[in-house]
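>>> Dropping a prediction and its sequence here:
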Amino acid sequence: MAKENGLLLTEYKPRSELVVEREEITGPKFPVIDIHAHFGPLTLGPDYEKRFDPKKEVEKLKSLGVVYITNLETLWGAELERVVNKIKPYDDFILTFGSVDILRLDEPDFADHVEETLKNYKKTGIRGLKLWKNISLGMKDKAGKYIPIDDKRLKPIWDWSAELDLPIVIHIADPVAFFRPVDQYNERWEELQGHPDWSFCKPGLFTFEELMEQQESMVAQNPDTTFIIAHGGSYSENLGWVGQCLDKYPNMYIDIAARLAEFGRQPYTSRKFFTKYQDRILFGTDCGPGWYEHLRYYEFFETWNEYFDYGSGEIPGQGRWKIYGIHLDDEALEKIYYKNAARILGLEVK
């Protein structure tokens, strides 16, 4: 209920009176490869097989201009086979990434497990590896310590990925605000009220800054491994820092999944960044069955549109702001939309 002399923040849903031209986007200018999506239990839960019809999803994606999309799952063995079986006969369109059992880290046969798993992936058509933030923010080794992502015990993963030419899509950190106190100064306060378990501002956890040090160390120490650092290189709030890393490490790429809100609120910086690093950026959305936000990404990349929503809903999910288009040229668009991903994954796009 509203207070006598004001509103609760949750009740405040302002409607903009701004009148500006807006170019309508109905599809992408070029084919699109979505390098970051999910069709399994990571986002859909254990009953994922009942929650979507692959045929309908593929038809929807093709209508949005998508020519390939990845299915990123932190699974291996029989559980990964279940996911692959679900998307047949569309596994030439939905490309699956698997993972390895990190909790075997301290076992003497961990390196053998990694070798066997990755060689099997290469043989059976699994396109790469997906590693998630829970490695450093949730898992603990046998000594009861959280696992830094640059831990030397993980070296077999990086080495065999390089040997077998399997790229790694890795999610290391969440938005910076998730690592800050949940107080009146936190720009993601509303989001964290709805999802208090998303806060990593807790004693004993790695700080955001520590995770970024580990991320850079991981990339630097494994120059032959192709790392696709998810969600804008982990630090879309600071594209200057991400750019410095891209300058230093030619084996580092980024995807843009679920960071449209961040890129779009800094259009001048973003346009310079996407133009300069157009060879190192891969298109991705973090979407899945029944939820596709591709048109908003196309609008961001292809138009000069001003002050538009980055997501659906009366209250934006990642912060109370709007975004702006950056109108990239055709050369940059083609690379980001599909050419970079096609080169890394060895895909043909007609």
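Nice, thanks for sending it over.
>>> biggest strand in the protein, by residue count?
Secondary structure of the chain per DSSP state E: the longest strand is strand 66-72.
>>> which element follows that strand toward the C-terminus?
helix 77-87 (DSSP states H and E).
>>> Wait, Y68 touches F93, no?
Yes. Counting by C-beta atoms under 8 Å, Y68 does reach F93; the two are 6.2 Å apart. Just so you know, the C-beta spots here come from the backbone N, C-alpha and C atoms, and that holds for glycine as well.
>>> In terms of neighbours, single out the busier of those two.
Y68 (22 against 16; other C-beta atoms under 10 Å).
>>> Any idea what the more buried one is bridged to?
Beta-bridge partners recorded for Y68 (DSSP bridges): I33.
>>> if I look at it, how far off is L164?
20 Å (C-beta to C-beta, to the nearest Å).
>>> One more: I281?
Applying C-beta to C-beta to I281 and L164 gives a distance of 24 Å.
>>> When the two are compared, which one has more neighbours?
Per other C-beta under 10 Å, whichever of I281 and L164 has more neighbours is I281, with 24 against 15.
>>> Could you pull up the residues touching the closest residue to the more buried one other than its chain neighbours?
Once flanking residues are discounted, I281 sits nearest to I336: 5.1 Å by C-beta to C-beta, 6 or more residues apart in numbering. Neighbour list for I336: I256, F274, Q278, I281, L282, F283, F301, L328 [criterion: C-beta atoms under 8 Å, 6 or more residues apart in numbering].
>>> From L44, how far out is I336?
Relative to L44, and taking C-beta to C-beta, I336 is found at 27 Å.
>>> Same question for W132.
Counting by C-beta to C-beta - W132 and L44 are separated by 15 Å.
>>> Between these two, which is the more surrounded one?
A side-by-side neighbour count of W132 and L44, using other C-beta under 10 Å, places W132 first with 20 against 17.
>>> Hmm, A173 and the more buried one touching each other?
No. The criterion here is C-beta under 8 Å, and W132 misses it with A173 at 11.2 Å.
>>> tally of neighbours for the closest residue to S312 other than its chain neighbours?
Nearest residue to S312 in three dimensions, chain neighbours excluded: E293, at 7.8 Å (C-beta to C-beta, 6+ apart). E293 has 16 neighbours, counted by other C-beta under 10 Å.
>>> Next up, the contacts around E293.
Per C-beta under 8 Å, 6+ apart, neighbours of E293: L260, T285, C287, G311, S312.
>>> any chance you could map the strands in the stretch 201-350 of the chain?
227-229, 252-255, 281-282 (DSSP state E, counting those that start in this stretch).
>>> what mean pLDDT does the second one have?
The one in question is strand 252-255. Taken as a whole, strand 252-255 carries a mean pLDDT of 98.
>>> likewise stretch 133-149?
The average pLDDT for stretch 133-149 rounds to 98.
>>> buried sites along it?
Using 16 or more other C-beta atoms under 10 Å as the test for burial, stretch 133-149 gives K133, I135, S136, L137, Y146, I147, P148, I149.
>>> Repeat that for stretch 320-334.
Applying 16+ other C-beta under 10 Å to stretch 320-334 flags K322, I323, Y324, G325, I326, L328, A332, L333, E334 as buried.
>>> Send me stretch 227-241 as CSV with only the CA atoms.
This file holds the C-alpha atoms of stretch 227-241, laid out as CSV (Å, rounded to 0.1, in the frame of the first residue of the first chain):
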residue,chain,number,x,y,z
PHE,A,227,38.5,-18.7,-23.9
ILE,A,228,35.1,-17.1,-24.6
ILE,A,229,34.5,-15.1,-21.4
ALA,A,230,30.8,-14.9,-21.0
HIS,A,231,28.7,-11.8,-20.3
GLY,A,232,30.9,-9.2,-21.7
GLY,A,233,34.1,-10.6,-20.4
SER,A,234,32.7,-10.6,-16.8
TYR,A,235,33.0,-6.8,-16.5
SER,A,236,30.7,-5.0,-18.9
GLU,A,237,30.5,-2.1,-16.4
ASN,A,238,34.1,-1.4,-17.2
LEU,A,239,34.8,-1.9,-21.0
GLY,A,240,38.1,-0.2,-20.7
TRP,A,241,39.4,-3.0,-18.5
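>>> Show me the contact partners of it.
Stretch 227-241 is contacted from outside by 35-36, 167-176, 211-212, 215, 218-219, 242, 245-246, 251-259, 262-263, 266, 269-270, 273, 282, 284, 286, 344, using C-beta under 8 Å, 6+ apart.
>>> follow-up on the earlier one: the longest strand of the chain to helix 77-87, inter-axis angle?
150 degrees (axes from the mean of the first three to the mean of the last three C-alpha atoms, to 10 degrees).
>>> From the contact counts, what lies against strand 66-72?
strand 32-34, strand 94-98 (3 or more C-beta pairs under 8 Å, 6 or more residues apart in numbering; DSSP states H and E).
>>> for the record, mean pLDDT for the first one?
What it means is strand 32-34. Mean predicted confidence for strand 32-34 is 98.
>>> What is the distance between that strand and the centre of its chain?
Distance, stretch centre to chain centre, for strand 32-34: 13 Å (C-alpha atoms, centre = their mean, to the nearest Å).
>>> how about the strands of the stretch 51-200 of the chain, start to end?
Under DSSP E, counting those that start in this stretch, the stretch 51-200 of the chain gives strands at 66-72, 94-98, 128-131, 168-170.
>>> need those in a markdown table with distance to P223, can you?
Listed next are the strands of the stretch 51-200 of the chain as a markdown table, based on distance: least, C-beta to C-beta, whole Å:
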| stretch | distance to P223 |
| --- | --- |
| strand 66-72 | 24 |
| strand 94-98 | 21 |
| strand 128-131 | 17 |
| strand 168-170 | 13 |
